[in-house]
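> What follows is a predicted structure for the sequence shown.
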Amino acid sequence: MNRTRCDRTPAWGQLQAAFEATGRSFDVRQAFAADPARFEAFSQSAPHVFADLSKNRIDAEAEALLLDLAQQTGLIAHRDAMFSGEAINNTEQRAVMHWLLRTPPLDPAMPAQSVHRHMAETLHEVHTTLDAMLAFAEKVRADEAITDIVNIGIGGSDLGPQMAVLALDEFVLPGKRFHFVSNVDGHELNAVLKKLKPESTLFLVASKTFTTIETMTNAQSAKRWFEAHGGTDIARHFAALTTHVAAARAFGISTTFGFWDWVGGRYSMWSAIGLPLAIAIGAQGFKEFLAGAHAMDEHFRNAPLAHNLPVRLGLLDVWYRNFHGFSSRSVAPYHSALKRYPAYLQQLEMESNGKRVDASGEALPYGTSPVIWGEPGTNGQHAYFQMLHQGTDVVPVEFVAVKQAKHMLPGHHTLLLANVLAQAQALMLGKTDDGGHKHFTGNRPSTLLLLDELKPASLGALIALQEHRVFVSGAVWGINSFDQWGVELGKVLAKEVEVRLKSGNTQGLDGSTAGLLARLRA
Ligand code: F6P
């Protein structure tokens, strides 16, 4: 892999100099006053998404240097390596090919299709699996006896399908209820089981590895509950979504939908892990969701860097994290159905780019993943927006707005859109009031992502956009965005502590854990 770390490029030093010269004191209001074409220069159309980047603390010079940085770190070669199936997840020796899951089948009449020839067989397998999964989804949709679908999974095997089923609520088949159980906390599963009957429930056990302790514990309890309440037909009422089909069979589940180790957990909603969504919105809706994401893939692969939305967003992230020193980003979807979108993005970005070493294992002297957090608007406005407007830290905000509503309630949508525009405006413009309690400094940066409609295709495009912008910042930082070793230590320790909680043995434990363990057992 031919990657140059960002801090070892000429552009890095030039960006530092540009930041000191003009970046630190940059004022978005002055930039608008000086350049009437700023909105056009700093907005970008991409499939299904229009982005207004103009309220950010960036000018043409900084953006040009960031584009140089992208070139000098080898972003293009790294992107092309992903799209040609190279093992860019180098610590696990795996290819990164979630994008292939949304690539249309090869058309013999179009030999120049973008997918590489050597992947034709894999793509064929992808479509055979997809067709089987979609046929199953349609069967469940037509089966009136099944009213409740329970997805048991965690992390990428939960957040994606849950976020998408909620987001596309307007497209969900009436008469089917969807439940998502992820936490090992039995309160969660118990609360769902209370509402169910075995004969009308379909459990989907979603786990890439089929070893995750939370999912295995919940699946075992669900199976016990099913049998204890008279359920017998496991083949009809349980299905497994996993790369480890043999483990699912050993667990007693014969209905299985597989995927591949080149799909990362947090990138897996396009695979069999998307089955709850396929049941919810149907095969056609799921295909539209994939097509929207594919359109964004093509944009990422083919648009020149200067007009490539994932590239522009990812480079802005680098500019803010490493030069302005902003360590968090707030995401504010102004659509109540996007309530799990912030949680989804937390895993996508923080598990991908929350790394302290580069791809070769060397410690990094600069920051990587920001903290991602947020809530749907307008609710956030009445909670933490105070801090965004007047707090001591500057937090870039990324709004999502949707032009058309799917309801007919008069007045609401105009008010919602007025609020998203007003918040972005207030952050930027501020308000002078003698420097006291009612003073707003303004010049607080924000981006607005605008969708015409929240529908399967636009959601697919929005999520693929987010995947690729995370790829871009991770590529520039020189890290491996596709492993997650940081989650392992806690898993190992939990097993040991579980044994000690049962036995009461505190020998050799640190003082705090020993004290807490003793209190829990008292
Ligand atoms: O612990 C982190 C993690 O490995 C995530 O990356 C993943 O999405 C989640 O656990 C669930 O893993 P699985 O799908 O294998 O159960």
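Looks like it came in fine.
> now the top helix by length along the chain, how far from the centre of its chain.
For the chain, the helix that runs over the most residues, judged by DSSP state H, is helix 275-302. Distance of helix 275-302 from the chain centroid (Cα atoms, centre = their mean, to the nearest Å) equals 15 Å.
> got it, and stretch 492-504?
With Cα atoms, centre = their mean, you get 32 Å for stretch 492-504.
> Would it count as contacting the ligand?
No. Contact of stretch 492-504 with the ligand (Cβ under 6 Å from any ligand atom) is absent, the minimum separation being 11.2 Å. The way it works is simple: take the backbone N, C-alpha and C, and place the C-beta from them, glycine included.
> how about low-confidence regions in the chain?
1, 111-114 (pLDDT under 70).
> hang on, the earlier thing: tell me which residues are up against the helix or strand following the longest helix of the chain.
Toward the C-terminus, helix 275-302 is succeeded by helix 309-318 as the next helix or strand (DSSP states H and E). Residues outside helix 309-318 that contact it (Cβ atoms under 8 Å, 6 or more residues apart in numbering): 6, 44-46, 49, 51, 53, 56, 58, 63, 66-67, 69-70, 75, 296, 299-300, 303, 305-306, 329, 370, 447, 465, 468-473, 475-477.
> near the ligand, which residues of the stretch 151-300 of the chain?
So far as Cβ under 6 Å from any ligand atom goes, the stretch 151-300 of the chain lies against the ligand at Ile154, Gly155, Gly156, Ser157, Ser207, Lys208, Thr209, Thr212, Thr215, Gly265, Arg266.
> Pipe the residues you listed into JSON lines and attach secondary structure and distance to Ile253 per row.
Putting these into JSON lines (DSSP: H, G, I helix; E, B strand; the rest coil; distance: Cβ to Cβ, whole Å) gives the following:
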{"residue": "Ile154", "secondary structure": "coil", "distance to Ile253": "17"}
{"residue": "Gly155", "secondary structure": "helix", "distance to Ile253": "20"}
{"residue": "Gly156", "secondary structure": "helix", "distance to Ile253": "20"}
{"residue": "Ser157", "secondary structure": "helix", "distance to Ile253": "15"}
{"residue": "Ser207", "secondary structure": "coil", "distance to Ile253": "11"}
{"residue": "Lys208", "secondary structure": "coil", "distance to Ile253": "15"}
{"residue": "Thr209", "secondary structure": "coil", "distance to Ile253": "15"}
{"residue": "Thr212", "secondary structure": "coil", "distance to Ile253": "15"}
{"residue": "Thr215", "secondary structure": "helix", "distance to Ile253": "12"}
{"residue": "Gly265", "secondary structure": "helix", "distance to Ile253": "19"}
{"residue": "Arg266", "secondary structure": "helix", "distance to Ile253": "24"}
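> most surrounded residue in the residues you listed?
Ser157 (30 neighbours; other Cβ atoms under 10 Å).
> angle of the helix or strand containing His124 against helix 275-302?
Secondary structure from DSSP H and E places His124 in helix 120-142. Per axes from the mean of the first three to the mean of the last three Cα atoms, to 10 degrees, the angle that helix 120-142 makes with helix 275-302 is 140 degrees.
> partner strands of the next helix or strand after helix 120-142, parallel or antiparallel?
Next helix or strand after helix 120-142 toward the C-terminus (DSSP H and E): strand 148-152. If you go by DSSP bridges, strand 148-152 pairs up with strand 177-181 (parallel), strand 201-206 (parallel).
> In the stretch 1-150 of the chain, what residue comes closest to the ligand?
Scanning the stretch 1-150 of the chain for the residue nearest the ligand gives Glu92, at 11.4 Å (criterion: Cβ to the nearest ligand atom).
> now the contacts of helix 309-318: which count as buried?
The neighbour count (16 or more other Cβ atoms under 10 Å) marks 6, 44, 46, 49, 51, 53, 56, 58, 63, 66-67, 69-70, 75, 296, 299-300, 303, 305, 329, 370, 447, 465, 468-473, 475-477 as buried among the contacts of helix 309-318.
> picking up where we left off before, ok, and what's touching the helix holding His124?
85, 97, 100-101, 103, 105-106, 115, 146, 149, 173, 176, 202, 239, 255, 257-260, 271-272, 274-275, 278-279, 282-283, 286-287.
> try it again with 7 Å
Helix 120-142 has contacts (Cβ atoms under 7 Å, 6 or more residues apart in numbering) with 100-101, 103, 105-106, 115, 146, 173, 202, 257-258, 272, 275, 278-279, 282-283, 286.
> now stretch 384-393
Ser330, Val395, Val397, Gln423, Ala426, Leu427, Phe440, Arg444.
> Secondary structure element holding the closest residue to Thr242 other than its chain neighbours?
In this structure, Thr242 finds its nearest non-sequential neighbour in Phe210, 4.6 Å apart by Cβ to Cβ, 6 or more residues apart in numbering. Phe210 is part of no helix or strand when elements are defined by DSSP H and E.
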